[in-house]
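J.: Predicted coordinates and the sequence they were generated for:
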2 protein chains.
Amino acid sequence: MSGRRPLVGVLGGGQLARMLALSGHALGVRLRVVDPATDAPAREVADHVCADWSDPAIPARLADCDAVTYEFERVPVALAEAVARRVPVWPPVEALAVAQDRVHEKERFRALGLATPRFRAVDTLADLQRAVAELGLPAVLKTRREGYDGKGQRRLRELGELPAAFEALAPAPLVLEEHVAFDREVSVLAARGRDGAVELYPLVENRHEHGILIESRVPAPHASGALTERAHRAVRALLDSFGYVGVLALELFQVGEELLASELAPRVHNSGHATIEGAVASQFENHLRAVVGWPLGPAVATGPVVMLNAIGALPDARELLAIPGAHLHDYGKEPRPGRKVGHVTITAPDAGELEARAVRARSLVPVVHAGE
Amino acid sequence: MSGRRPLVGVLGGGQLARMLALSGHALGVRLRVVDPATDAPAREVADHVCADWSDPAIPARLADCDAVTYEFERVPVALAEAVARRVPVWPPVEALAVAQDRVHEKERFRALGLATPRFRAVDTLADLQRAVAELGLPAVLKTRREGYDGKGQRRLRELGELPAAFEALAPAPLVLEEHVAFDREVSVLAARGRDGAVELYPLVENRHEHGILIESRVPAPHASGALTERAHRAVRALLDSFGYVGVLALELFQVGEELLASELAPRVHNSGHATIEGAVASQFENHLRAVVGWPLGPAVATGPVVMLNAIGALPDARELLAIPGAHLHDYGKEPRPGRKVGHVTITAPDAGELEARAVRARSLVPVVHAGE
């Protein structure tokens, strides 16, 4: 690839592909995104192949790429495999397949010695009743596949709710997960290069509403060195188990000083957006550097940051940018309730000033959920 | 402009417009660049109006913009004025006109009480002989207009060189400038908003070769607080004198603790590229925020940085990116000798590590001058 600019194909043309492309323009890495939407957010900054996921021509349209990656984990595995027969696909398709099934995902965590919430696969109402007897209530019934941003789940509090919850989600394969009374949700991102080198980003504290990420703080406040070390060991074990290349995000529940692995995302991740301003090399830059086979950049933090998702609407730029250290990221999307249309990162010289700025920013960054 | 994304027209579609556009995509500011080159570097990330500078349709093509700016100072003043009759043009056309004439530029500096090298306007060989008698030799004879990157100049060491130097540059209006035995070249960048608020970037130390910027260090090493304060007062006086909106760069010679104003650039500037990684809000972001009427971001440094221009060729990405804290900026241009095709910014946690990394980077970043 030396001597000319690498071309990377991306399955998916949303805001993650858009931010990958913005990184790529600086690095000299060109992107070609595949997305069925004519108004895909990445279209303004990358070549756009507008194609339905079932289009059999997609692998041929990516055949001249140096590598292909993806920006959402519902990419059909068969498509990723078909592309991989022509061009290297990173992260490995196995990571994609595991991430698409909540049972396989947790089995992988357990195989690596990572604690997880207790869970049971559920295919029938009888399975569900048996699982509830074993795990107790409250618990959460989820589809094994296709769930994201809080969709495809039912919280179970009483035995009487079981049949209706099962009916609502069946006949898809389901999983029952114990309710975890966590202290907080955290995530850890890491990048692994083609040479096996790993860069570990600081632990992130996440706050969700209606299953959607609202706010991330990096580094996670009051995280002990031992806790961060445990998260880093966990994500490194996952990376190595897949022979991974690219950025991977691992979401965890913190209970006291324990961490329970919850989900993995084999891609750049919303809880890593603050790495644009808050790390020497952002998740977007390192993902591209990994997939084209270049050395990774330092994941080390440059200072504390707060990231706020703009849901359903963007903040007023004039008001927001009056806050020193407020960084606006507009995804170029049409606003509608429940839709992530942008994010704001707040930087500050110290923790006290960061908190003061974050308080002002929270009052300006809209969070408008669907159905409100 | 609230409620929808501002559209900014840019006269010029080079790497400065490209980096403005990359900033704009995050901020939600759309760019439309005008450039006669079909392969203008900004074309990949912005709307591109491919038009010759003499094309009378340009103002109409920009009529729906919220504001128009420019990225090089050889924009014809008549064109800027024609555009300004339809759409606000920032920085003010007066600043463009003054920057285009080395005599007017220095007269402006003097009117504001800023010291400059001594100079004389030269229209005839007799003028030149009289000017040399007054200023002494060595001295530099330059065209008043159209000079950039060391072009359009002759260094004069002996009286016998005068006729040939005059012949080489005439009949264009000329200026003779005294030779300044400076300790170093520095520059200072600042942004001024539509509300008159000013953000001052740290003093920059610059190193040129063959008249082309090779390296910048920010903040300028060993700059006293008083020196930086003097540079900041100078650039602020210039901004206010023009009722300026946008980013302005002022180049100066440092002689002991004195500063002599050399040139102004009414635009984002090569010596400000390190603000992408080295300041809270980059020159590109602040220029856009200024011209659309949004509040400016802090120009405060986030740490010491070194910026190296890649001239004539790009460094090998694999080798360069093996240096921690090396940030590659590829302008997407075809390499040829003397052409700025990219730059590299080096960040580091401390000054010692920065120097070690910069030494490695210098050995990898090509500097291939024209005619070598």
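T.: All right, it came through fine.
J.: Now do stretch A:107-122, average pLDDT.
T.: Throughout stretch A:107-122, pLDDT has a mean value of 98.
J.: I meant stretch A:160-170, not that one.
T.: Average pLDDT, stretch A:160-170: 94.
J.: Model confidence for A:Glu372, exactly?
T.: The model reports A:Glu372 with a pLDDT of 62.
J.: I'd like to know how many residues surround A:Pro337.
T.: The number of residues packed near A:Pro337 is 14, by other Cβ atoms under 10 Å in any protein chain shown. In short, each C-beta sits where N, CA and C put it, glycine included.
J.: Also the one 3 residues further on?
T.: A:Lys340 sits with 17 neighbouring residues when counted by other Cβ under 10 Å.
J.: correct me, but it touches A:Asn309?
T.: Yes. Under the criterion of Cβ atoms under 8 Å, A:Lys340 makes contact with A:Asn309 at 5.7 Å.
J.: Give the residues shared as contacts by those two.
T.: Contact criterion Cβ atoms under 8 Å, 6 or more residues apart in numbering or on different chains; residues shared by A:Lys340 and A:Asn309: A:Ile212, A:Asn270.
J.: For A:Gly325, grab phi and psi.
T.: Here is the backbone geometry of A:Gly325 (degrees, to the nearest 10): phi 80, psi 10.
J.: dump the residue contacts of it.
T.: Neighbours of A:Gly325 in contact, by Cβ under 8 Å, 6+ apart: A:Ile346, A:Thr347, A:Ala348, A:Glu353, A:Leu354, A:Arg357, B:Val280, B:Gly297, B:Pro298.
J.: And the lengthiest helix in chain A, what does it pack against?
T.: When chain A is scanned for its longest helix (criterion: DSSP state H), the result is helix A:225-242. Applying 3 or more Cβ pairs under 8 Å, 6 or more residues apart in numbering or on different chains; DSSP states H and E, one finds that helix A:225-242 contacts helix A:93-99, helix A:102-111, strand A:184-192, strand A:198-200, strand A:246-255, strand A:258-265.
J.: between that helix and strand A:184-192, how many degrees?
T.: 50 degrees (axes from the mean of the first three to the mean of the last three Cα atoms, to 10 degrees).
J.: Show me what counts as buried in helix A:225-242.
T.: A:227-228, A:230-239, A:242 (16 or more other Cβ atoms under 10 Å in any protein chain shown).
J.: Closest one of these to A:Arg32?
T.: Each of those was scored against A:Arg32 by Cβ to Cβ, and A:Phe242 proved nearest at 24.6 Å.
J.: Excluding sequence neighbours, find me the nearest residue to the closest one.
T.: A:Ala95 (4.6 Å; Cβ to Cβ, 6 or more residues apart in numbering or on different chains).
J.: Spell out which parts of chain A neighbour chain B.
T.: Neighbours of chain B within chain A, by Cβ under 8 Å from any Cβ of the partner chain: A:2, A:5, A:18, A:22, A:25-28, A:44-45, A:280, A:289, A:293-295, A:297-298, A:302-303, A:314, A:316-318, A:321-322, A:324-330, A:332, A:342, A:347.
J.: that older thread, include distance to B:Leu252 and mean neighbour count when you put the helices and strands packed on helix A:225-242 into TSV, please.
T.: TSV is the format used below for the helices and strands packed on helix A:225-242 (distance: least, Cβ to Cβ, whole Å; neighbours: other Cβ atoms under 10 Å in any protein chain shown):
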stretch	distance to B:Leu252	mean neighbour count
helix A:93-99	54	21
helix A:102-111	60	18
strand A:184-192	42	25
strand A:198-200	40	20
strand A:246-255	43	24
strand A:258-265	50	21
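J.: Any idea which of these gets closest to A:Val368?
T.: Among these, the nearest to A:Val368 by Cβ to Cβ is strand A:184-192 (21.5 Å).
J.: Okay, and the beta partners of A:Arg217?
T.: A:Arg217 has the following beta-bridge partners by DSSP bridges: A:Glu205, A:Val306.
J.: my guess is it contacts A:Glu205, does it?
T.: Yes. Between A:Arg217 and A:Glu205 there is a contact under Cβ under 8 Å: 4.5 Å.
J.: Look at these two and report which has more neighbours.
T.: Neighbour count, other Cβ under 10 Å: between A:Arg217 and A:Glu205, A:Arg217 has more, with 24 against 20.
J.: do you know how far that one is from A:Leu321?
T.: Distance from A:Arg217 to A:Leu321, counting by Cβ to Cβ, to the nearest Å: 21 Å.
J.: just A:Leu128 next, same as before
T.: Separation of A:Leu128 from A:Leu321 (Cβ to Cβ): 50 Å.
J.: State the distance from the residue nearest the centre of chain A to A:Thr228.
T.: With distances taken as Cα atoms, centre = their mean, A:His269 lies nearest the centre of chain A, 3.1 Å away. Using Cβ to Cβ, A:His269 is found at 17 Å from A:Thr228.
J.: what's the answer for A:Ile214, then?
T.: 22 Å.
J.: Ok, A:Glu177 next?
T.: For A:Glu177, the distance to A:Thr228 (Cβ to Cβ) stands at 25 Å.
J.: With A:Gly24 instead?
T.: The spacing between A:Gly24 and A:Thr228, counted by Cβ to Cβ, is 30 Å.
J.: what about the helix or strand where A:Val175 lies, average pLDDT?
T.: For A:Val175, the enclosing helix or strand under DSSP states H and E is strand A:174-178. For strand A:174-178, mean pLDDT rounds to 97.
J.: Could you do stretch A:184-203 as well?
T.: 98.
J.: for stretch A:319-330, same thing?
T.: Averaging pLDDT along stretch A:319-330 gives 98.
J.: Could you check which residue of the stretch 251-372 of chain A lies nearest chain B?
T.: A:Asp330 (3.1 Å; Cβ to the nearest Cβ).
J.: Backbone torsions only: list them for that residue.
T.: Dihedral angles of A:Asp330 (phi, psi; degrees, to the nearest 10) stand at phi -100, psi 120.
J.: Is it correct that it is in contact with B:Ala26?
T.: Yes. Counting by Cβ under 8 Å, A:Asp330 touches B:Ala26, with 6.8 Å between them.
J.: The residue nearest to A:Asp64 when sequence neighbours are not counted: how many residues sit nearby?
T.: Spatial nearest neighbour of A:Asp64, excluding adjacent residues (Cβ to Cβ, 6+ apart): A:Leu7 at 6.7 Å. Neighbour count of A:Leu7, defined by other Cβ under 10 Å: 20.
J.: residues touching A:Leu7, list them.
T.: A:Val29, A:Arg30, A:Leu31, A:Arg32, A:Asp64, A:Cys65, A:Asp66.
J.: My read is that A:Ala84 contacts A:Val93, right?
T.: Yes. A:Ala84 lies in contact with A:Val93 (Cβ under 8 Å); the separation is 5.7 Å.
J.: What about A:Ala181, how many residues nearby?
T.: 8.
J.: scratch that, A:Asn206
T.: When neighbours are counted by other Cβ under 10 Å, A:Asn206 registers 20.
J.: ok, now how distant is the closest residue in space to it that isn't next to it in sequence from A:Ser363?
T.: Leaving aside its chain neighbours, A:Asn206 sits nearest to A:Glu185 (4.6 Å; criterion: Cβ to Cβ, 6+ apart). A:Glu185 sits 23 Å away from A:Ser363, going by Cβ to Cβ.
J.: Same question for A:Asp52.
T.: For A:Asp52 relative to A:Ser363 (Cβ to Cβ), the value is 41 Å.
J.: where does the residue of chain A most remote from its centre land in three-state SS?
T.: Centroid-distance maximum for chain A: A:Gly160 at 34.3 Å, with Cα atoms, centre = their mean. Three-state assignment for A:Gly160 (DSSP: H, G, I helix; E, B strand; the rest coil): helix.
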